[in-house]
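Chemist: coordinates only, sequence not included:
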DNA sequence: CTGAAAGCGCTTACAG
DNA sequence: CTGAAAGCGCTTACAG
């Protein structure tokens, strides 16, 4: 198209109907893939659409249908943390991939960004047909109530066990942490510590439980239990403290690979040999797990697949289909050099 | 609200009007902040809105206004790269912050995700009122044509210098690279190499030009010019090659902090001392610049502010205001330990 | 299989 | 300052 060519008016369904010599209803039907259209009519409409370069107006369609064809992904974390955590990237990727095969658009809501009330208002305001929520903290109770108004699916279990009708896609965090800890114990280590995750989140809580179970099953006592926030910085800081405290820790379970990565940094800085002096394992198989020195022995989950499943369940719920409340995904142990 | 309470129908503007005892037009006026409403009427409407918990329907509003109140941020990179690069995170943050003070929503379009045609269709389809484009490559020519249909603002200059009516927010990449290189030269280094950025992007191209200028001004010849892709991995790989080639390089300018970080890793692995054996500088003051060993001497830009400005310009253009085509932002030299 | 018509929830000249 | 009314571009029973 030349830059000087007069810009033609944006083609509407009506224009398509005229050109194809059918009614607007028929155009609408072919656009929406209805069966009840005679092949000849369908062809005429399809041709007109191509010739006019017609694209349906989303707002008009939403208004008429009473649905927006978009869903929100709400992440109650700030932008910095959101971008720094490979887990989120993978989930977004999975969600995006699933949605690409549907008519739905994704709106990303980093909810601490503005006031949380704005997010809630947005979700209530009929701007989306459903919501995916990630990284749910105990105090994000506001979202729970939205479940009555809007189909929602959680990535990772919520803290309120009382609530019914909540849909979650998760791994068995207790089992994962237990397995990772058992690897350390299997190396004959007895002075075990953990850098646990936030205790206001299911994953943080459950991975600590798993650690404790493994330690107890081995007839041992934890030497130290410290709470981090899943970031490398917290892992490094806490490991440094552990070192300073002189507890002779010879085995560490970090509740996230990011924290494991940070811990490994602190260990290297202190000249402690891994795994000779201390055996360390974690959960998550991301770039941190793979690029740490040494690479982390860890429990791999599949956040991209998790994103896909979350999106799939949400769309099904929006379409009124029945889906299971709990979807528990497999994990697998990845043995590398840190244990 | 009890979970058993009957769910009241979603309040509409009409309901608000009834309850407030005014016409729908009046409600619309107060919702849209029109001046021409008597205080008493305004109060009645505001009360009704609060009581009903009314939130305007976005689709209806869009349809009536002929605008969507949303803008797209298109990033022609894959999800992995998008999340890995702190630059994008910052720009998004800036865009989001500016938009938070407006009625506009942000839709993120990672355009290599699906077929690029889908992105173009989406942008053409009247789904957004304008678009921000980041990380524009030479072959993303498709977007250029969209400029005739949709207000657009670029982060970083485009490659097509012929095009008119394109709006960009950028730094002076030539000057930045020149300054960073001059720091190295100022250390008395004479065997200079650069790890340049992609040569299909303005930033990659211009920073190489700046490097060459500085070298030439000093009466020197570059010892090596290698092209990376702005990632740490490429920096590391290329530095390794440079080392293997035995060129006795004693000064390096990396066109991004991420590549500088990677180069520093390779140097450390090879046991080369920085800055004793080789002086290195870069552009970008991000987490890579700060956390490398040693921390990078670098040219700081302000991507968050860039995002804000981009958003501001776009909204102004959408509103028909006149804005400058070129916005060049300041940079500043940050001296740390690598030079 | 197809069309006429009502309706989705807003906004906005227009008239007063 | 305010309201009646038309219109935004679709979809969807309903009737045929």
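Modeler: In hand now; what should we look at? Predicted model only: the values in this text are computed from it and were never measured.
Chemist: going forward, measure contacts between C-alpha atoms and count neighbours the same way
Modeler: OK.
Chemist: now the residue in the stretch 101-250 of chain A that DNA strand C sits nearest to: how far from residue B:96?
Modeler: For the stretch 101-250 of chain A and DNA strand C, the shortest gap (CA to the nearest atom of the strand) falls at residue A:125, measuring 8.8 Å. Using CA to CA, to the nearest Å, we find residue A:125 at a distance of 20 Å from residue B:96.
Chemist: who has more neighbours, the two?
Modeler: residue B:96 (23 against 17; other CA atoms under 10 Å in any protein chain shown).
Chemist: enumerate every residue touching the more buried one.
Modeler: Residue B:96 sits next to B:106, B:308 when contact means CA atoms under 8 Å, 6 or more residues apart in numbering or on different chains.
Chemist: try it again at 10 Å.
Modeler: A:79, A:110, A:113-114, B:90, B:102, B:104-106, B:304, B:307-308, B:311 (CA atoms under 10 Å, 6 or more residues apart in numbering or on different chains).
Chemist: just the buried members of those residues?
Modeler: By neighbour count, with 16 or more other CA atoms under 10 Å in any protein chain shown, those hold A:79, A:110, A:113, B:90, B:104, B:105, B:106, B:304, B:307, B:308, B:311 as buried.
Chemist: nearest residue to the second one in space, please, no chain neighbours.
Modeler: This points to residue A:110. Using CA to CA, 6 or more residues apart in numbering or on different chains and skipping residues adjacent in sequence, the residue nearest residue A:110 is residue A:75, 5.0 Å away.
Chemist: hmm, that neighbour is touching residue A:136, no?
Modeler: Yes: with contact defined as CA atoms under 10 Å, residue A:75 reaches residue A:136; the gap is 7.6 Å.
Chemist: show the end-to-end separation of stretch A:250-259, please.
Modeler: OK, stretch A:250-259 end separation, CA to CA: 17 Å.
Chemist: and stretch A:192-204, by the same measure?
Modeler: 18 Å.
Chemist: which other helices and strands contact the host helix or strand of residue A:210?
Modeler: According to DSSP states H and E, residue A:210 maps onto helix A:202-217. In terms of contacts (3 or more CA pairs under 10 Å, 6 or more residues apart in numbering or on different chains; DSSP states H and E), helix A:202-217 is packed against strand A:168-171, helix A:173-186, strand A:192-196, strand A:224-227, strand A:251-254.
Chemist: can I get these in JSON lines with mean pLDDT, distance to DNA strand D and mean neighbour count?
Modeler: Formatted as JSON lines, the helices and strands packed on helix A:202-217 follow (pLDDT from 0 to 100; distance: least, CA to the nearest atom of the strand, whole Å; neighbours: other CA atoms under 10 Å in any protein chain shown):
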{"stretch": "strand A:168-171", "mean pLDDT": "96", "distance to DNA strand D": "29", "mean neighbour count": "22"}
{"stretch": "helix A:173-186", "mean pLDDT": "98", "distance to DNA strand D": "41", "mean neighbour count": "24"}
{"stretch": "strand A:192-196", "mean pLDDT": "98", "distance to DNA strand D": "49", "mean neighbour count": "28"}
{"stretch": "strand A:224-227", "mean pLDDT": "98", "distance to DNA strand D": "50", "mean neighbour count": "16"}
{"stretch": "strand A:251-254", "mean pLDDT": "98", "distance to DNA strand D": "50", "mean neighbour count": "30"}
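Chemist: tell me which of the ones you listed lies nearest to chain B.
Modeler: For chain B, the closest of these is strand A:168-171, at 19.9 Å, according to CA to the nearest CA.
Chemist: who touches that closest one?
Modeler: For strand A:168-171, the external contacting residues (CA under 10 Å, 6+ apart) are A:132-134, A:152-158, A:202-203, A:301-303, A:306-307, A:309-310, A:313, A:324-331.
Chemist: next step: those restricted to helices.
Modeler: A:202, A:203, A:303, A:306, A:307, A:309, A:310, A:313 (DSSP state H).
Chemist: quick one: the closest residue in space to the residue of the stretch 101-250 of chain A closest to DNA strand C that isn't next to it in sequence and residue B:11, what's the gap?
Modeler: Here the nearest residue to residue A:125 in space, its sequence neighbours aside, is residue B:55; by CA to CA, 6+ apart that works out to 5.2 Å. Separation of residue B:55 from residue B:11 (CA to CA): 8 Å.
Chemist: between those two, what contacts are shared?
Modeler: Common contacts of residue B:55 and residue B:11, defined by CA under 10 Å, 6+ apart, comprise A:125, B:49.
Chemist: mind telling me what element the residue nearest in space to the middle of chain A is part of?
Modeler: In chain A, the centroid-proximal residue (CA atoms, centre = their mean) is residue A:91; its distance is 3.9 Å. Using DSSP H and E, residue A:91 sits in helix A:86-100.
Chemist: partner strands of the following helix or strand past that helix and their direction?
Modeler: Sequence-wise, the next helix or strand downstream of helix A:86-100 (DSSP H and E) is strand A:105-110. Sheet pairing of strand A:105-110 (DSSP bridges) gives strand A:70-75 (parallel).
Chemist: relative to helix A:86-100, how tilted is the partner strand?
Modeler: For strand A:70-75 against helix A:86-100, the angle by axes from the mean of the first three to the mean of the last three CA atoms, to 10 degrees is 170 degrees.
Chemist: so what secondary structure elements neighbour the helix or strand that comes right after strand A:70-75?
Modeler: Downstream of strand A:70-75, the first helix or strand assigned by DSSP H and E is helix A:79-84. When contacts are defined as 3+ CA pairs under 10 Å, 6+ apart, helix A:79-84 sits against helix A:86-100, strand A:105-110, helix B:79-84, helix B:86-100.
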